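Participant: Below is the sequence, then the predicted model.
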There are 2 protein chains.
Amino acid sequence: MRILIIDDEPELRRQIASSLRQERYTVETAGDGDEALERIFSEPYDLLILDIMLPVRDGFAILGQLRDEGIATPVLMLTARGEVENRVKGLDLGADDYLHKPFSMAELLARIRALLRRSHEQANPSLTIGAICLNTSTRQVTLGGESVSLTPKEFSLLEFLLYNRNRAISRFNMAEHVWGDAFDPFTMSNNIDVHIKNLRKKLDDQAGRIIVTVRGIGYMASDDQA
Amino acid sequence: MRILIIDDEPELRRQIASSLRQERYTVETAGDGDEALERIFSEPYDLLILDIMLPVRDGFAILGQLRDEGIATPVLMLTARGEVENRVKGLDLGADDYLHKPFSMAELLARIRALLRRSHEQANPSLTIGAICLNTSTRQVTLGGESVSLTPKEFSLLEFLLYNRNRAISRFNMAEHVWGDAFDPFTMSNNIDVHIKNLRKKLDDQAGRIIVTVRGIGYMASDDQA
DNA sequence: ACCATTGATGAAGAAATGATGAACTAGCCA
DNA sequence: TGGCTAGTTCATCATTTCTTCATCAATGGT
């Protein structure tokens, strides 16, 4: 689950991001509207947390522009207490929920869960990276629209890497999550490496640009189009 | 999907209507009970959003009259917080759901989705996929118009798969839902596989295009006319 | 530049999975 | 009882998938 936090206070940003990461969300942040829009247009998020009070271009402007462009990502707006008229304005623009500052982290997490659940009950849950799209419910993977057939292990492995995109994952970790119950860390040989190799081949990941090798650690799914 | 909003506050009406239109619903509004009844009797709606507090003729009166006339359109009532006794009264009259003011637009949208889904399911009890049509109330299945006779287990299995179309369903899940109460996950042998085989035969699903095998998981009903 | 370590790769044997035909059981009705 | 139907289990086969291993290539430190 990819969440983008848009707020100009670094400290608050850090706090929220940290809490969300503990809940295993993939979190990115933006300090102003331009940065936010740039990110949003370049890759999909599952949820935006948007502060109304921003320098230069405020939350409403950003939200308005998004909706105009047809981006329907759920938005949770952060407002200072008492801005009732703002609430109304935001609703018109298509915000999905509100939270008044100051708020408790528990409250925030609850709202996020509710929003994600709601938006996900209609859309299908897919993880994308570059031209690759992995649909967790149909267990289908497409590469630039073309369907790619993966074996169960390959699928789980890719799913796990995408779920933890831009984070280096150790082989141990992968084994734990993909092999689960019965995995003997000693008798695994270079099993994972082989599966990664096969994945790269099927995904036409020639230079290892999508599944990056992290020497001494393991692998990482990177959406850095380097 | 046609929705009628009945509320005497123009501002709230406008807000709700705007949000619903963004979700691609067709929305009309009425400011009082008489206008509402007139509209409802002249053309069908899929859902009514009805405020309890209305001048002249209140929400209950309107709801009561509708139900008396045999109009079963789902109704979502808006109530001021704390009107507990009203809730009870509304339920008696046949309201389908409640929402306390003030509410978030996200909440409202979720409720609407739920209500529409619910009413749609009972009105249209048949699931189709490709040339196959399964009627859940008559328990008949046709293949290109020709009736196909399925055994109870086969029917339930197909029904479950169709209900979850385009989602890979595990054998465990199928067993849970089709066998229900007494199923022992260990003594099931390859029972499900056999039923699937028979289903495929009866449905002339030669290449397994409709009931797709998802290796390592189970099966999936797919309407991907590949 | 050299060495040591780490990762990549192709191939082959082992293991798992699913499809299928057939046998077997249980319930039902004439 | 005997003949049906539905449901379940079983053995077998063809594949697919997983794992292991030997070897080769790349990388980083000194």
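Facilitator: Cool, got the structure. The shown structure was predicted, so the numbers you read here are calculated from the model rather than taken from an experiment.

Participant: Flag every buried residue along the helix or strand where A:I192 lies.
Facilitator: Here A:I192, judged by DSSP states H and E, is contained in helix A:191-202. Judged by neighbour count using 16 or more other C-beta atoms under 10 Å in any protein chain shown, the buried positions of helix A:191-202 are A:192, A:195-196, A:199-200, A:202. (Each C-beta comes from the backbone N, C-alpha and C, glycine too.)

Participant: In TSV: the residues you listed, plus distance to A:I211 and pLDDT.
Facilitator: Output for those, formatted as TSV (distance: C-beta to C-beta, whole Å; pLDDT from 0 to 100):
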residue	distance to A:I211	pLDDT
A:I192	11	95
A:H195	10	96
A:I196	6	96
A:L199	6	95
A:R200	6	95
A:K202	11	94
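
Participant: with those in mind, which one is nearest to A:R118?
Facilitator: Closest approach between these and A:R118, by C-beta to C-beta: A:L199, at 32.7 Å.

Participant: residues contacting the closest one?
Facilitator: A:150, A:154, A:157-158, A:205, A:211 (C-beta atoms under 8 Å, 6 or more residues apart in numbering or on different chains).

Participant: Confidence-wise, which of these comes last?
Facilitator: Least confident entry in these, by pLDDT: A:D205, with 80.

Participant: that older thread, quickly name whichever of the buried residues of helix A:191-202 is closest to DNA strand D.
Facilitator: Of all those, DNA strand D sits closest to A:H195, with 6.2 Å by C-beta to the nearest atom of the strand.

Participant: Let me know whether that closest one touches A:L157 as I believe.
Facilitator: Yes - contact criterion C-beta atoms under 8 Å: A:H195 and A:L157 qualify, at 5.6 Å.

Participant: Mind checking which of the contacts of A:L199 are in helices?
Facilitator: Counting by DSSP state H, the part of the contacts of A:L199 found in helices is A:154, A:157-158.

Participant: Check whether the residue lying farthest from the centre of chain A sits in a helix, strand or coil.
Facilitator: Residue farthest from the centre of chain A, counting by C-alpha atoms, centre = their mean, is A:T187 at 33.5 Å. What DSSP: H, G, I helix; E, B strand; the rest coil gives for A:T187 is coil.

Participant: Any figure for the gap between it and A:W179?
Facilitator: Distance of A:T187 to A:W179, computed by C-beta to C-beta, to the nearest Å: 11 Å.

Participant: swap in A:D51?
Facilitator: 42 Å.

Participant: need the next SSE after the one helix or strand in chain A whose mean pLDDT sits lowest, C-terminal direction.
Facilitator: In chain A, the helix or strand scored least confidently by mean pLDDT, DSSP states H and E is helix A:84-93, which has a mean of 56. Scanning forward in sequence from helix A:84-93 by DSSP H and E, the next helix or strand is strand A:97-101.

Participant: Would you mark the buried spots in that next one?
Facilitator: A:97-99.

Participant: same deal with stretch A:6-17?
Facilitator: Quick answer for stretch A:6-17 (16+ other C-beta under 10 Å): A:6-7, A:12-13, A:16-17.

Participant: And for stretch A:155-168?
Facilitator: A:155-165, A:168.

Participant: List just the nearest of these to A:C133.
Facilitator: For those, the nearest to A:C133 is A:L162 (9.7 Å; C-beta to C-beta).

Participant: residues touching that closest one, list them.
Facilitator: A:127, A:129, A:134, A:221.

Participant: Swap in 10 Å and give it another go.
Facilitator: Neighbouring residues of A:L162 by C-beta atoms under 10 Å, 6 or more residues apart in numbering or on different chains: A:26, A:126-129, A:132-134, A:136, A:141, A:210-211, A:221, A:223.

Participant: now do A:L108
Facilitator: A:15-16, A:19-20, A:49, A:76, A:78, A:99.

Participant: where's the dip in pLDDT among these?
Facilitator: A:L99 (77).

Participant: the strands in chain A, which residues?
Facilitator: Ranges of strands within chain A are A:2-6, A:26-30, A:47-51, A:75-80, A:97-101, A:126-129, A:132-135, A:140-143, A:146-148, A:169-170, A:211-214, A:218-221, based on DSSP state E.

Participant: Identify whichever of the ones you listed lies nearest to chain B.
Facilitator: Chain B sits nearest to strand A:97-101 of all the strands of chain A, at 4.6 Å, using C-beta to the nearest C-beta.

Participant: how far out from the middle of the chain is that closest one?
Facilitator: 21 Å (C-alpha atoms, centre = their mean, to the nearest Å).

Participant: same thing with stretch A:174-188?
Facilitator: Counting by C-alpha atoms, centre = their mean, stretch A:174-188 comes out at 26 Å from the chain centroid.

Participant: does chain B sit close to that stretch?
Facilitator: No - Stretch A:174-188 does not reach chain B (C-beta under 10 Å from any C-beta of the partner chain); its nearest approach is 11.7 Å.

Participant: So which residues on chain A come close to DNA strand D?
Facilitator: Residues of chain A found near DNA strand D (C-beta under 7 Å from any atom of the strand) are A:149, A:151-154, A:179, A:187-191, A:194-195, A:215.

Participant: okay, those residues in TSV with distance to B:F41 next?
Facilitator: As requested, these are exported to TSV (distance: C-beta to C-beta, whole Å):
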residue	distance to B:F41
A:S149	56
A:T151	60
A:P152	57
A:K153	61
A:E154	59
A:W179	64
A:T187	75
A:M188	71
A:S189	75
A:N190	74
A:N191	69
A:V194	70
A:H195	65
A:R215	74
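
Participant: Can you give me the neighbour number for the residue nearest to A:E9 when sequence neighbours are not counted?
Facilitator: Spatial nearest neighbour of A:E9, chain neighbours left out: A:D51 (7.9 Å); criterion: C-beta to C-beta, 6 or more residues apart in numbering or on different chains. Neighbour count for A:D51, taken as other C-beta atoms under 10 Å in any protein chain shown: 20.

Participant: residues contacting A:N190?
Facilitator: Here A:N190 is in contact with A:171, A:196-197 (C-beta under 10 Å, 6+ apart).

Participant: For burial, what's the neighbour tally of whichever residue of chain A sits closest to chain B?
Facilitator: Closest approach between chain A and chain B, counting by C-beta to the nearest C-beta: A:P152, at 3.1 Å. Counted with other C-beta under 10 Å, the neighbours of A:P152 add up to 13.

Participant: correct me, but it touches B:S170?
Facilitator: No - A:P152 is beyond contact range of B:S170, at 11.6 Å (criterion: C-beta atoms under 10 Å).

Participant: Now for these two: what residues contact both?
Facilitator: B:214, B:216-217.

Participant: Neighbours of A:S149, how many?
Facilitator: 10.

Participant: So what does it look like in phi/psi?
Facilitator: When read as degrees, to the nearest 10, the backbone of A:S149 gives phi -100, psi 120.
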